[in-house]
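>>> turn this into a structure:
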Amino acid sequence: MQKSSVYLPEQLKKRMQSYVASAGISEAQLIRDAIASYLADNAGQTTQPSSGHKPDDQTAIPGRLVGVGVGPGPATMVTIEALHALRRADRVIAPCTSLEAVGRAETILRQAAPDIVVERMKFVMQPDHKARADALQIVSQQIHDYLQAGDEVAFITLGDPNMYSTVSSVFDGVLALRPHTKTATVPGIMAFQTLASKGDVMLTDEQQTLVVLPASAPQDVIAAELANPERTVVFYKGGGRISAVADQLESADRLDNAMLGELLGMAGEQVAPVADVRDRPASYLSCVIAQAPKGAGPKPETKPQ
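I've put the predicted structure just below:
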């Protein structure tokens, strides 16, 4: 054991060893640089150093499974809370379709926090239901074993863990094997929020409403939502259905103000009016915003003078 890290918790030692190996520096140099940076950032402050006691949200809970959203793509959109949760965890799991390939969520985390050690677990994304279920069972069993050993496990996902995420399936799979498992989630920024910012789209005013739909929803459901002039409609999972979505938007007289966001914060990013890209499929990682017509929201009642 190296003296430079003898007083550090085991998980922090692992992250340090991984970082210095990739950076080609010594642990002692990293510690010196970290202390110098801390002192420079806190010059003139009178706050006393931490006593070493961790608040509850900084203490790993043995056997807890945490779903952590790492945002839509830009490393700068990974939240501070997400980084706290990932550095606290004993193990950080990233989904992938091949153990030899870096997945999207892992790519984001590598850029945001290269010191965090990630373990990949393979998922099947093809339509084959049995293959998907078998892969999920293997993942659930692996996580179950880590939890049984007393680890806190963090599972990272694109966007937010509580919306259109593999986290729900992982939670269900683990809970089926270990019903007493404690679970928690850390929210992440969603792709449609990023698209609204990049596309200069105001999602709602104080009176309008918003709904998020899969592009594969029944046509009558989509038509009913688009027919409501007070509602902004967001489409997910529509990369291969952009042409059909554009047709429905056009029928509802919503095409002109609809925006597409594709691979936001990643290589190949595109933000464009749906009308300009309706003749080609987009990536699976795409979303569409059909903004409520300006001023269409219900107006608050005015009291008589």
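
>>> so what's Ile222 closest to, chain neighbours aside?
In space, Ile222 comes closest to Gln248 once its chain neighbours are excluded; the distance is 5.6 Å by CB to CB, 6 or more residues apart in numbering. C-beta here means a position set from N, CA and C on the backbone, and glycine is covered the same way.

>>> contact partners for that neighbour?
Residues in contact with Gln248, defined by CB atoms under 8 Å, 6 or more residues apart in numbering, are 219, 222-223, 226.

>>> helix/strand/coil for it?
For Gln248, the secondary structure call by DSSP: H, G, I helix; E, B strand; the rest coil comes out as helix.

>>> quick check: mean pLDDT across stretch 93-112?
Averaging the model's pLDDT scores along stretch 93-112 yields 92.

>>> any idea how far apart the tips of that stretch sit?
One end of stretch 93-112 to the other measures 16 Å (CA to CA, to the nearest Å).

>>> right, and Ala244 touches Ala217 too?
No - when contacts are counted by CB atoms under 8 Å, Ala244 is not listed as touching Ala217 (11.3 Å).

>>> and the contacts of Gln248, which of them are in helices?
Counting by DSSP state H, the members of the contacts of Gln248 that fall within helices are 219, 222-223, 226.

>>> so which of those is surrounded by the most neighbours?
Within the ones in helices among the contacts of Gln248, most neighbours by other CB atoms under 10 Å means Ile222, with 24 neighbours.

>>> distance check, that residue against Pro281.
Ile222 sits 18 Å away from Pro281, taking CB to CB, to the nearest Å as the criterion.

>>> likewise Ser140?
Using CB to CB, one obtains 32 Å as the distance from Ser140 to Pro281.

>>> doesn't Cys287 make contact with Gly261?
Yes - using CB under 8 Å, Gly261 and Cys287 qualify as a contacting pair, with a distance of 5.4 Å.

>>> so what sits against both of these two?
Taking CB under 8 Å, 6+ apart as the criterion, Gly261 and Cys287 both touch 191-192, 195.

>>> where does this protein dip in pLDDT?
Segments of the chain classed as low confidence (criterion: pLDDT under 70) are 1-12, 15, 20, 22-24, 33, 36-58, 295-305.

>>> could I get the full set of strands for the stretch 101-250 of the chain?
Counting by DSSP state E, counting those that start in this stretch, the stretch 101-250 of the chain forms strands over residues 119-122, 153-157, 182-186, 209-214, 231-236, given from the N-terminal end onward.

>>> among those, which is nearest Ile25?
Ranking the strands of the stretch 101-250 of the chain by distance to Ile25, with CB to CB as the measure, places strand 119-122 first at 23.8 Å.

>>> right, I'll leave it there.
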